[in-house]
Each structure stands twice: as structure tokens, then as C-alpha cells.
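**Student:** I would like to see how this sequence folds:
(one chain, ligands or ions: 1)
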Amino acid sequence: MPLQHIVEAQQFDRDVMAQIFSVAREMEQVVKRYGSNILSRRVMATLFYEPSTRTRLSFESAMLRLGGDVITTESAQEFSSAAKGETLEDTIRIIAGYADVIVLRHFESGASKRAAAVSPVPIISAGDGPGQHPTQALLDVYTIEREIGHLDGIRIAMVGDLANGRTVRSLCYLLAKYESPQIFFVAPEVVRMRDDIKEYLTRHQISWTEVSDLAQVAPQVDVIYQTRIQRERFGDRVGDYEQARGRFIIDRGTLERMRDDAIVMHPLPRVDEIVADEVDDDPRAAYFRQAHNGLYVRMALLRLILEGD
Ligand code: CP
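**Tutor:** Sure thing, here's the model as predicted:
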């Protein structure tokens, strides 16, 4: 599979995803056997201009578990030479001389594409502002297949901050590759799913519906994909944030309405949109398993990008 840069979810088709997921399942076994050395002497750079726990550390763990090495700049806006005015393009040109692959999180939509345009080594987007988060979407689809057992015909409610949620945006692009998904958008008025995604889904004959009542849709779906209201994207629109926050919460009542074989997902971090005491111990709470799947999917991506098929 010729995989070089990973900059947007639209670049993946079903065959490529099937191959990634097959390698990810192998990686589950590799981790159980305490790793491998197939990426020995290869170097991955992680360059993060926005905070991260899961994406940065799972990529770094993935590289280390495959025998590779990691160099890293977190808080890159402050601790890299971006603080002195260096452009993203120049930073990428320099790091490409030190590393075989660059994992980039940036605060601007499209930053990964800009980086890929000048980089002689693969760029992997780790999320670009309110744009996309393609590797999160891959691990989300992997999780749905592992948990539900199929992707064709999947029924999913995406809940919360859909305007700023890069994970749900990328997930829509990926689910559109499968047969007859049904997508329900459940969002506060100020953070409804943006038109570009709705237009894309309509153009590809994917069923989507906006609903205002989570209780109504909960019994109908295989997956409730909850998201955080992203305070950091509201700027000084404090009123809008307060209006959106707390509007849709997953609690015991939501679980009671859900099917026994449905799951709750969340890209995490969460704040108050899942009542932890009431939901975490339910076997349908899949979000920690989902986060762990990120390791296997990112190991698979690194292996496929750096070693080929
Ligand atoms: N899901 C996700 O992207 O988490 P982090 O921001 O912690 O990387």
C-alpha cells in the first residue's frame, strides 16, 4: 500500500483501511509479545503546537514498541523556534533532515497539507485546529468494527461540539466509504455540524439527520459518539460556550435508553459531558478501549509508512 503523507480522511478508501486494520490486529499481538524491532534505527519526530495526551504519547509509544526512536517538541509554539518567528514550512524542512517521519499537531486547519507540500519525509497529521484528525478517525472506525462487528449499515449519533470537533469531521469522511451508514447529528445550535460535511455526505448519498433530542435517538443507534464542547475554540464568545455546555450529557438515563449491544465512544479528553460515576463501569462505555486502540492503529500506520506492505 503506497501510504506517504496522512493529511485528511478523504484520502483513505475501504481497501486501505482494511489493510491498516489487519496490521493493527497484528500489532495487538506484537504488544502482547513486548514489541518488535522492525523500525530499529528509524526516527520519528513529534511536533505539537497544541496540547495532547493520547495522540502524542500513543504515537511515541507506537514507535518505541516497534524498536524506533523518538525526538519531540511539545508546546512547539513556545519551545521551538516558532517562538522566534520561524515559519512552519522552514521548521518542517529542518526536522525532515533529522527524522524519517514527522507527526504534526497544529492549531490551523490545513497546516498538515502545508507541511506535506514541503516535506521530503512523510507527514502524519495529529490534528489541525478545527479541521481534521484523520488518525483519530481511523482508530474510531477500527474500534467500531471491533466492538460492533460491522461497518456497513452502522447507525451512529454524533453528539456535542460538531462545529469544532475535528474527530467527528474526519469520522464522517471515513464512514462515507461504507455501505448505508446512518448518521444523526445531535448538537447545540451554536456548534452544529458545518455545511461542508453535510454537503459532502449528501453528495455521496449518505443518510444524515439533525436531531435535537438525544433521548429520542439513543435507542436507534449502534454508537453514541460523544464529544467535548471545546472551550478553547470559542475565544471571547463566552455566552455561546455557556449555552452549548451541558446541553447533551451521557448519564444513566441515556444508558437505559440504549440497546444492550450499543456502545458509547468519546475521543477524549472529557470534561462533564459523560457522568463518569454512572457510565464508566457499564460494559458499553468503550472510550478507554477506544483510546487504547490508538496505539495499535498508530503502530500499523508507522509500519506501513516506513516499511511498506
Ligand atoms: N483524542 C485526542 O486527540 O486526544 P489528545 O488531544 O489527548 O491527543
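**Student:** Please list the residues of the stretch 201-309 of the chain that sit near the ligand.
**Tutor:** For the stretch 201-309 of the chain, the residues in contact with the ligand (C-beta under 6 Å from any ligand atom) are 267-269. In this view, the C-beta of every residue, glycine as well, is placed from N, C-alpha and C.
**Student:** SS state for the residue most central in space within the chain?
**Tutor:** Among the residues of the chain, residue 136 comes closest to the average C-alpha position under C-alpha atoms, centre = their mean, at 1.9 Å. Taken by DSSP: H, G, I helix; E, B strand; the rest coil, the conformation at residue 136 corresponds to helix.
**Student:** Name the surrounding residues that touch the helix or strand of the chain with the lowest mean pLDDT.
**Tutor:** When the helices and strands of the chain are compared on mean pLDDT, DSSP states H and E, helix 76-79 comes out lowest with a mean of 85. When contacts are taken as C-beta atoms under 8 Å, 6 or more residues apart in numbering, the neighbours of helix 76-79 outside the stretch itself are 47-49, 73, 82-83, 91, 107.
**Student:** Give the next helix or strand downstream of that helix.
**Tutor:** Past helix 76-79, heading to the C-terminal end, the next element that is a helix or strand (DSSP states H and E) is helix 88-95.
**Student:** going on from that next one, what's the next piece of helix or strand?
**Tutor:** Tracing the chain past helix 88-95, the next element assigned as helix or strand by DSSP H and E is strand 101-106.
**Student:** any idea of the mean pLDDT for the helix or strand that that following strand is followed by?
**Tutor:** For strand 101-106, the following helix or strand on the C-terminal side (DSSP H and E) is helix 111-118. Across helix 111-118, pLDDT averages out at 97.
**Student:** Output the below-cut-off pLDDT ranges for this structure.
**Tutor:** Within the chain, the segments meeting pLDDT under 70 span 1-3.
**Student:** on contacts alone, who are the packing partners of the top helix by length along it?
**Tutor:** Scanning the chain for the helix with the most residues, using DSSP state H, yields helix 287-307. Other helices and strands packing on helix 287-307, by 3 or more C-beta pairs under 8 Å, 6 or more residues apart in numbering; DSSP states H and E, are helix 14-32, helix 54-65, strand 101-106, helix 134-148, strand 263-265.
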